[in-house]
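Chemist: Sequence isn't available, so here's the structure alone:
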């Protein structure tokens, strides 16, 4: 189960390393002088998302200035929250931490000594790995990896190379060579042949170099860390894995959001079964258990917002683009849809993916509105609770998400690798998962009336919505509710 963290928006664990105009200018097409002249400052963690600071008004419209915000989240903040992350039930972290100007290093402003790190990096030759040192931010990432491993969490880096190395490489071939050097650097930081202190893989961009590069990357990575994972992004409706191990894949979500629409299903359970059957049939079976079952790419709207606007393409998912698009605080119906999605995500093939914040109810339209900071209670005091400001963390949704993830974690053979048989009937989306020792019956009632299901009520393992009742040997499911029943079998 994957947990993806936008580090700048996750938690500010070290206020002394907060970003400066130079840090913003490094990643966005704006000069440091323009930021200074406008009076740019880091955005306070609890600030009203819809309110615009004076410097934002000076620099342009919201679409142009929202990406220039920085909140000061850092690796120390991730370290501080590792116990809570592990308790959620996830087993792997996805982080993008690379310095845009020197992708072989962690962004200095995510570490404890940004000024000192920047000075040291300027003395290096970006295209020559022999000159690369280890920054304080690099060492903090190593500390995070060690702490994550101690909690049985894997760490995968989201990277943009070899494309991100083009500015510092003499040609595409040398960019790919340097990308391999960066991979080695993070897989075995001290170069002693023991990869236990390194990261556990990489997620690449959709256009991550040539096929020959990806094949060589696989050879290099597996030689150092045989269990490391290489994740790609699909480039079509029938994705190919090639030299990678898995893909970040939102095809299942595109189907499920139509049937989980809080206003009512747009497709029938039978159509869901047919569509998802086609998705899984088009996917290589061996890597499928490791696929990231996502709710969209990086610029997609937040989960709750996407569900309440089911069917709207990501490119139009904003009230600034599409009239009537609802990007306000989700109500109970949308939150229920999120819970049902977590139930299905945990019990269908491919590994659940959680974008940090979705588990506690963060909402937002497409980028840049999908990058609201995590609403930690100690960091968002007075502003939490209004329709547009910082959300109050939804403890019940987090508990439900955690229970769903732990259900999958506790039954890996059943839900990750078991067989799948669809049994839709009327308003009931029903399927059965089987392994050598267990069987799970998963049922979601998408109708407006209660429904009876022939299943042993004593095997209830998880539910969303009103708890199922039992009448005469059958289970009664309330409208817009779901349940998972698990029993031991001898096949």
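Modeler: Here it is on my side, so go on. These numbers come from a predicted model, not from an experiment.

Chemist: ok, what's across the strand from residue 5?
Modeler: Note on residue 5: beta-bridge partners residue 95, judged by DSSP bridges.

Chemist: and the closest residue to residue 106 other than its chain neighbours, backbone torsions?
Modeler: Counting by C-beta to C-beta, 6 or more residues apart in numbering, residue 106 lies nearest to residue 137, which is 3.9 Å off, once chain neighbours are set aside. All C-beta atoms are positioned from the backbone trio N, CA, C, and that covers glycine. Main-chain torsions, residue 137, degrees, to the nearest 10: phi -70, psi -40.

Chemist: isn't residue 137 right up against residue 104?
Modeler: No: if you go by C-beta atoms under 8 Å, residue 137 and residue 104 don't touch, sitting 11.7 Å apart.

Chemist: got the contact list for stretch 371-379?
Modeler: Stretch 371-379 has contacts (C-beta atoms under 8 Å, 6 or more residues apart in numbering) with 6, 9-12, 45-46, 49, 66, 71, 73, 302, 356-357, 360, 362-364, 384, 390-393.

Chemist: What is the worst-scoring helix or strand of the chain on mean pLDDT packed up against?
Modeler: In the chain, no helix or strand scores lower on mean pLDDT, DSSP states H and E than helix 21-27, which sits at a mean of 78. Packing partners of helix 21-27 (3 or more C-beta pairs under 8 Å, 6 or more residues apart in numbering; DSSP states H and E): helix 32-38.

Chemist: for the helix it packs on, packing partners?
Modeler: When contacts are defined as 3+ C-beta pairs under 8 Å, 6+ apart, helix 32-38 sits against helix 21-27, helix 54-59.

Chemist: Give the rounded mean pLDDT of it.
Modeler: Average pLDDT, helix 32-38: 90.

Chemist: what do you get for stretch 97-107?
Modeler: 93.

Chemist: Which residues does that stretch contact?
Modeler: Residues outside stretch 97-107 that contact it (C-beta under 8 Å, 6+ apart): 7, 23, 26-27, 75, 108, 110, 117, 121, 124, 126, 129, 132, 135, 137-138, 140-141, 157, 159-161, 164-165, 168, 178, 181-182, 185.

Chemist: residues contacting the residue nearest to residue 307 when sequence neighbours are not counted?
Modeler: Distances taken as C-beta to C-beta, 6+ apart put residue 337 closest to residue 307, at 4.4 Å, once the chain neighbours are dropped. Contacts for residue 337 (C-beta under 8 Å, 6+ apart) come out as 260, 261, 262, 304, 307, 308.

Chemist: Now the two most distant members of those residues.
Modeler: 261 and 304 (12.4 Å; C-beta to C-beta).

Chemist: The two: which is more packed in?
Modeler: Shown here are residue 261 and residue 304; by other C-beta atoms under 10 Å, residue 304 has more neighbours (26 against 20).

Chemist: part of a strand, is the more buried one?
Modeler: No: secondary structure assignment (DSSP: H, G, I helix; E, B strand; the rest coil) places residue 304 in helix, not in a strand.

Chemist: Leaving out the residues flanking it, which one is nearest to it?
Modeler: Ranked by C-beta to C-beta, 6+ apart and with sequence neighbours excluded, the top spatial neighbour of residue 304 is residue 330, at 4.1 Å.

Chemist: How many residues are close by that neighbour?
Modeler: By other C-beta under 10 Å, the residues close to residue 330 number 25.

Chemist: For stretch 185-204, measure first residue to last.
Modeler: 16 Å (C-alpha to C-alpha, to the nearest Å).

Chemist: residues making contact with stretch 478-491?
Modeler: The list of residues contacting stretch 478-491 from outside it, by C-beta under 8 Å, 6+ apart, reads 333, 336, 339-340, 343-344, 347, 407, 411, 414, 434, 436-450, 455-457, 459-466, 468, 475, 477.

Chemist: same question but for stretch 260-270, I mixed them up
Modeler: The set of residues external to stretch 260-270 that reach it, using C-beta under 8 Å, 6+ apart, is 255, 258-259, 275, 307-308, 310-311, 331, 333-334, 336-337, 340-341, 424-430, 444, 446.

Chemist: Go through that stretch and flag the buried ones.
Modeler: Neighbour-count burial for stretch 260-270, counted by 16 or more other C-beta atoms under 10 Å, picks out 260, 261, 262, 265, 267, 268, 269.

Chemist: how far away is the residue nearest to residue 304 from residue 424?
Modeler: Going from residue 330 to residue 424 by C-beta to C-beta, to the nearest Å gives 27 Å.

Chemist: Ok, residue 129 next?
Modeler: The spacing between residue 129 and residue 424, counted by C-beta to C-beta, is 55 Å.

Chemist: ok, now residue 398?
Modeler: Counting by C-beta to C-beta, the gap from residue 398 to residue 424 is 30 Å.

Chemist: Likewise for residue 376?
Modeler: As judged by C-beta to C-beta, residue 376 and residue 424 stand 41 Å apart.

Chemist: picking up where we left off before, report the contact partners of the residue nearest to residue 106.
Modeler: 75, 97, 99, 105-114, 117.

Chemist: Equivalent analysis for residue 298, please.
Modeler: Neighbouring residues of residue 298 by C-beta under 8 Å, 6+ apart: residue 367.

Chemist: Quick check: phi and psi at it.
Modeler: Here is the backbone geometry of residue 298 (degrees, to the nearest 10): phi -60, psi -30.

Chemist: Quick one, which of the contacts of stretch 371-379 are buried?
Modeler: When the contacts of stretch 371-379 are checked for burial by 16+ other C-beta under 10 Å, the buried set is 6, 9-12, 45-46, 49, 66, 71, 73, 302, 356-357, 360, 362-364, 384, 390-391, 393.

Chemist: Burial check on residue 31, number of neighbours?
Modeler: Residue 31 has 11 neighbours, counted by other C-beta under 10 Å.

Chemist: contacting residues for the closest residue to it other than its chain neighbours?
Modeler: In space, and not counting its chain neighbours, residue 31 is closest to residue 25: 6.0 Å by C-beta to C-beta, 6+ apart. For residue 25, the contacting residues are 31, 32, 35, by C-beta under 8 Å, 6+ apart.

Chemist: now residue 25: how far from residue 51?
Modeler: The value you get for residue 25 to residue 51, if C-beta to C-beta is used, is 23 Å.

Chemist: ok, now residue 477?
Modeler: Here the criterion is C-beta to C-beta. By it, residue 477 lies 44 Å from residue 51.

Chemist: higher neighbour count, those two?
Modeler: For residue 477 versus residue 51, neighbours defined as other C-beta under 10 Å are more numerous around residue 477 (26 against 11).

Chemist: Pairing-wise in the sheet, spell out the partners of that one.
Modeler: Here residue 477, judged by DSSP bridges, has bridge partners residue 451.
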